[in-house]
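Trainee: Return atomic coordinates for the entry below.
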Amino acid sequence: MQAGRLDRRITIERLGPPVDTGFTDRSDFEPLTTRSAELVPLRGAEMMAAGENAAFTSAKFRIRRPRSIDPMINPMDRLKYGGRTYDIVGVDEIGRDTIEIMATARAEPEADADPN
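Mentor: Numbers count the residues shown, from 1 in each chain. Below is the predicted model of the structure:
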């Protein structure tokens, strides 16, 4: 992977431990890592396979494999990029040092989100 292609900043979030709010137990997502990523354009066939329609957008991100995260990034995590929160739908290893993350998000950006 060429470092010059890692021109986007993404944040991976993981569901934290349950918090007792007094009425119910709930968990919030917490930042796990912020990484430089390559945004890979999706071809038409990939968009159809991802089930893309007018209400959702799909994206594929490539990052250097984070060695310090255990367990590895998975579909239980989520990703933030460009004012949107993406649900991770798949994670593939590409070689020894790169992972590819396929994710979907609602098409409209969140109102209070930051641009990362």
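Trainee: tell me the centre residue of this protein?
Mentor: With distances taken as CA atoms, centre = their mean, the residue of the chain nearest its centroid is residue 79 (2.7 Å).
Trainee: dump the residue contacts of residue 57.
Mentor: Neighbour list for residue 57: 84, 104, 105, 106, 107 [criterion: CB atoms under 8 Å, 6 or more residues apart in numbering]. Every C-beta, even on glycine, is put in place using the N, C-alpha and C of the backbone.
Trainee: Which of those are buried? Put it as a ChimeraX command.
Mentor: Remark: buried members of these, expressed as a ChimeraX selection using 16 or more other CB atoms under 10 Å:
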select :84,104,105
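Trainee: Looking at the contacts of residue 57, which has the smallest pLDDT value?
Mentor: Of all the contacts of residue 57, residue 107 has the smallest pLDDT value, namely 70.
Trainee: surely that residue meets residue 56?
Mentor: Yes: when contacts are counted by CB atoms under 8 Å, residue 107 is listed as touching residue 56 (5.9 Å).
Trainee: now the strands for this protein?
Mentor: With strands called from DSSP state E, the chain shows them at 8-15, 19-20, 25-26, 29-40, 56-64, 78-81, 84-94, 98-106.
Trainee: Pull up the pairing partners for the fifth one, direction included.
Mentor: In other words, strand 56-64. Here strand 56-64 is paired, per DSSP bridges, with strand 29-40 (antiparallel), strand 98-106 (antiparallel).
Trainee: Would you mind pulling the contact partners of the longest one?
Mentor: If I follow you right, that is strand 29-40. 1, 5-16, 59-64, 66, 68-69, 73, 77-78, 81, 100, 116.
Trainee: which among the residues you listed end up buried?
Mentor: Restricting those to buried positions leaves 6, 8, 10-14, 59-63, 73, 77-78, 81, 100, with burial counted as 16+ other CB under 10 Å.
Trainee: burial count for residue 96?
Mentor: 6 (other CB atoms under 10 Å).
Trainee: brain fart, residue 95
Mentor: Counted with other CB under 10 Å, residue 95 comes out at 8.
Trainee: helices and strands of the chain: which one bottoms out on pLDDT?
Mentor: Lowest mean confidence among the helices and strands of the chain (mean pLDDT, DSSP states H and E): helix 44-49, at a mean of 54.
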